[in-house]
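> Got a sequence here, can you build the structure:
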Amino acid sequence: MITPEYCQTMARYNAWQNTGLRKMIPAMDRDDLYKDRGAFFGSIMRTLNHLLWGDMLWMSRFDGGEAPDPDMGIEDSFDMAPTPAVWAADRFRMDARITLWANSVHAVDLVGDLEWYSGAMKRQMSKPMAICVMQLFNHQTHHRGQVHAMLTAAGQKPDDTDIPFMPEDA
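Just a heads-up that it's a prediction; the model follows:
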């Protein structure tokens with residue numbers, strides 16, 4: 001279904017997209033970042049924090065590393081990083097973690113089921129690993145799309161988001 005090369009490409013894409021955001025977000029006016037813009041999570045920062053939380057949660061399931069505080073559910077994820085500068089630093093580290101995982105994943109690691117307890121569903125889950133990995137990358141793209149729209153509405157000019165235009169060195 002998916003390959004290690006898919007994971008590596010999507011990890012590169014994630015890091016490329018977030019590099020642009022990490023340059024833009026800390027320089028923006030705080031009111032613009034926290035303004036409720038009618039998106040699912042409201043503001044740019046709430047959406048970026050939720051995405052960081054989701055990446056950390058999925059990566060903990062994939063690599064066994066650090067997970068968000070077990071008491072921090074989706075509704076608490078919006079305030080994960082208290083400032084844009086902290087978000088940028090945490091995002092940089094998370095993107096490196098995702099890239100490291102993607103560069104070390106083997107085809108056999110993408111086969112079989114992943115089991116975990118879902119706080120959102122309030123039950124034990126079991127799904128094919130490949131589906132879970134696709135969820136990580138799809139979730140990123142979905143919420144970054146929301147952020148892109150909110151940034152545009154705030155008068156910013158986010159970078160291109162098309163995968164074919166990703167620089168080779170990204």
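> Buried residues, the helix ranked longest in the chain. List them.
Counting residues, the longest helix in the chain under DSSP state H turns out to be helix 129-153. By neighbour count on 16 or more other CB atoms under 10 Å, the buried set for helix 129-153 is 129-130, 132-134, 136-137, 139-140, 143-144, 146-148, 150-151. Glycine gets a C-beta too; all of them are placed from N, C-alpha and C.
> cool, and stretch 93-113?
Quick answer for stretch 93-113 (16+ other CB under 10 Å): 94-95, 97-99, 101-102, 105, 110.
> Looking at the residues you listed, spot the one nearest Trp58.
The shortest approach to Trp58 among these belongs to Ile98, at 9.0 Å (CB to CB).
> Disregarding residues adjacent in the polypeptide, which is nearest to that closest one?
Distances taken as CB to CB, 6 or more residues apart in numbering put Ala11 closest to Ile98, at 5.0 Å, once the chain neighbours are dropped.
> for the one you found, what are its contacts?
Counting by CB atoms under 8 Å, 6 or more residues apart in numbering, Ala11 touches 95, 98-99, 101-103.
> mind running it again at 7 Å?
98-99, 102 (CB atoms under 7 Å, 6 or more residues apart in numbering).
> Ala120 too?
Counted by CB under 7 Å, 6+ apart, Ala120 has contacts Ile74.
> Ok, Asn18 next?
91, 95.
> How is it classified with respect to secondary structure?
helix (DSSP: H, G, I helix; E, B strand; the rest coil).
> And it, how far from His143?
11 Å (CB to CB, to the nearest Å).
> circling back: for the residue nearest to Ile98, give its distance to Asp31.
33 Å.
> and for the longest helix of the chain, what are the contacting residues?
By CB under 7 Å, 6+ apart, helix 129-153 touches 1-2, 7, 10, 14, 17, 21, 37, 39-40, 44, 47-48, 50-51, 54-55, 58, 110-114, 158, 161.
> again with stretch 29-37
Applying CB under 7 Å, 6+ apart, the contact partners of stretch 29-37 are 25, 42-45, 84, 150, 153-154.
> tell me the mean pLDDT over the longest helix of the chain?
The average pLDDT within helix 129-153 is 97.
> where do the strands sit along the protein?
113-118, 123-128 (DSSP state E).
> Pipe the ones you listed into TSV and attach distance to Pro68 per row.
Shown next, in TSV, are the strands of the chain (distance: least, CB to CB, whole Å):
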stretch	distance to Pro68
strand 113-118	13
strand 123-128	17
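> what are the ranges of the helices in the protein?
With DSSP H as the criterion, the chain has helices spanning 4-24, 30-34, 44-63, 84-104, 129-153.
> who's in contact with Ser126?
By CB under 7 Å, 6+ apart, the neighbours of Ser126 are 113, 115.
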